[in-house]
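[1] how would this look folded up:
(2 chains)
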Amino acid sequence: MKPVVILVGADKGGVGKTTITRTLLDYLAARNMPARAFDSEFPRGALKRFHPKITEVIDLETAADQIKVIDTLATSDVKVSVIDVRAGLLSDTLKTFTQVGFFDLVNAAEFNFILFHVIGPSIASLEEIGEIRPYADGRDYLLVKNFINETSFFEWNPELHKSYFDLAKDTTEVTIPKLNEMAFEQAELAGVPFSAFIANKTADGQPSGNSLVLRGYVRTWMSHIVGEYDRIGLIDRLSDRGVATQAA
Amino acid sequence: MTGASLAAIVTSLHGRSGKTLLARALVDYFMLSGGRPYVFDTDAVERGLHVLFPGVARVVDLSIVRDQMLLFDTLAQPSSEMRVVDVSHHSLTKFFELLRDTDFIAEAQSHGIEPVIFYIPDCKADSFEAGVILRDRFPDCPFVVVENAFLKAPKRSVRQGPAYKALKPHKRRFAMPKLADDVVEALEDRSLSLGNFMRQPMSSRGETPIPDGLPPDLCIELRDWVFRIFREIHRIMVGLAADDAASDPIAGTPWVADAEDWGPAFDPGNSRRSRTILDKILGKP
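    Here you go, the predicted structure:
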């Protein structure tokens, strides 16, 4: 398997990038696909709190940390690198990746690349589709609709909805359902991967005291997400099979 | 199962099936046995069980997450106390969705708690279909078919239906003895505790003393009914402890079917109406 970079990002904040990244890391672990994670929310790092053993906090605006990610892709034993891009940095990161020649290497089939563009139900978020689209042409671009509340991404206004989503009509959409707020908060508080929360374990594998009901909400929510990742053939996309499928 | 604490889930598809009466009998039985059961009433409007046990039964509104937590987190809490939940027909869908989504059965069993579904079908076909679906959806949970002799017997057309036939041979059964109308009235008296009633000594004439305000003949009838239902509970408890589903319920129940009624097995997936009930009970898959 070739090294693969999964970029999870959005220019708008608060759309659930870190949450999506956490679900991806859980999904990959469950599929026996080891991954390393980079958290570009420098210096605090929201992701590291949940996946400390595999996460490194980096500043993607510095050349040193860009090297830390890109130059190690070929040499790392772990073939999947997931980057949780800090809010506001998605366009800049894609620009940087273009400038350093990363996409040339993707075009040369040295690496695989998947972009998870997370959008929320706001005009500001939808406007990003047009901004990100030029970087996504010919790439594995996934538009992730994160239902962080009870909205419908303006589906009630077909013209408005069409005007934004037509820009991405040839892309694959991934739907992330809403998670009950209390369940989300308790999982946040627990500070462990969703899989550990569901299993009622602490970070060091000891039994925890999380609510059975809230764990149930997270379990159901995760099973929907796993269903979505299976539906889009995420594991195939990570491998050369995915590339072949896309080319076909 | 031996030594496990029981979590009795009493439910039915429709109202007026005797759920609260059975839940009440279970609570009184456990109290009479010296326990302090956890009791929950999921009917946040009528609060039937709460009214009978105001200091004991907690009312939970399953549309509220905090109440869901109160119910299921308490039910799964390790403790030797028995648990009784009166699941109203209004809360049936939500309750079993939560039961499924929380993986409650496995969690409870890992804490030495044995959930048991007491399901009361009535005379309608869909109540049998719902019973089969519930039984088959939760195969790890002991399922008790409750035959309430007070309810009308199902018509022949219902008895010839596959769901009825699928539940008929179910071995673990509970017989709720028939009640005379005046005993029903006496039972509706909120201040009457079955446990206290049974603790009272019989008079030399075989009657209970007057404190309950019940006429002597009613006392005898009520005592007989309580004795029979407690005996059924005891029989089920012993059977569950021994994991023995084959014990027979007391006679005189309305479960009727002729030999020629036997037909193809009930398959929820083959019936449009059953799929609707399945969706109703457990939401969309």
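[2] Okay, and the residue of chain A found nearest chain B sits in which element?
    Residue of chain A nearest chain B, by Cβ to the nearest Cβ: A:Gly216 (3.2 Å). From N, CA and C alone the C-beta is placed, and that goes for glycine too. Secondary structure from DSSP states H and E places A:Gly216 in helix A:212-231.
[3] Next SSE downstream of that helix?
    Next helix or strand after helix A:212-231 toward the C-terminus (DSSP H and E): helix A:234-238.
[4] List the buried residues for that next one?
    A:Leu234, A:Ile235, A:Arg237, A:Leu238 (16 or more other Cβ atoms under 10 Å in any protein chain shown).
[5] By mean pLDDT, flag the weakest helix or strand of chain A.
    helix A:240-247 (a mean of 52; mean pLDDT, DSSP states H and E).
[6] what are the ranges of the strands in chain A?
    Using DSSP state E, the strands of chain A run over A:4-9, A:35-39, A:55-57, A:80-84, A:112-119, A:140-146, A:172-176.
[7] Could you dump these into JSON lines and include distance to chain B and mean pLDDT?
    Compiled in JSON lines, the strands of chain A are given as follows (distance: least, Cβ to the nearest Cβ, whole Å; pLDDT from 0 to 100):
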{"stretch": "strand A:4-9", "distance to chain B": "27", "mean pLDDT": "96"}
{"stretch": "strand A:35-39", "distance to chain B": "27", "mean pLDDT": "96"}
{"stretch": "strand A:55-57", "distance to chain B": "29", "mean pLDDT": "95"}
{"stretch": "strand A:80-84", "distance to chain B": "28", "mean pLDDT": "97"}
{"stretch": "strand A:112-119", "distance to chain B": "25", "mean pLDDT": "93"}
{"stretch": "strand A:140-146", "distance to chain B": "19", "mean pLDDT": "91"}
{"stretch": "strand A:172-176", "distance to chain B": "15", "mean pLDDT": "93"}
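[8] Kindly present the ones you listed as JSON lines, with separate columns for mean neighbour count.
    Below are those laid out as JSON lines (neighbours: other Cβ atoms under 10 Å in any protein chain shown):
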{"stretch": "strand A:4-9", "mean neighbour count": "25"}
{"stretch": "strand A:35-39", "mean neighbour count": "24"}
{"stretch": "strand A:55-57", "mean neighbour count": "19"}
{"stretch": "strand A:80-84", "mean neighbour count": "24"}
{"stretch": "strand A:112-119", "mean neighbour count": "24"}
{"stretch": "strand A:140-146", "mean neighbour count": "22"}
{"stretch": "strand A:172-176", "mean neighbour count": "17"}
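[9] How far away from the center of its chain is the host helix or strand of B:Tyr29?
    Assessed by DSSP H and E, B:Tyr29 sits inside helix B:19-32. Put simply, helix B:19-32 sits 9 Å off its chain's centre (Cα atoms, centre = their mean, to the nearest Å).
[10] Next: stretch B:70-85.
    Worked out by Cα atoms, centre = their mean, stretch B:70-85 lies 16 Å from the chain centre.
[11] so where do the strands sit in the stretch 101-250 of chain B?
    If DSSP state E, counting those that start in this stretch is used as the criterion, the strands of the stretch 101-250 of chain B fall at B:113-119, B:143-148, B:173-176.
[12] want to throw those into TSV with mean pLDDT and mean neighbour count?
    Putting the strands of the stretch 101-250 of chain B into TSV (pLDDT from 0 to 100; neighbours: other Cβ atoms under 10 Å in any protein chain shown) gives the following:
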stretch	mean pLDDT	mean neighbour count
strand B:113-119	96	24
strand B:143-148	96	23
strand B:173-176	95	23
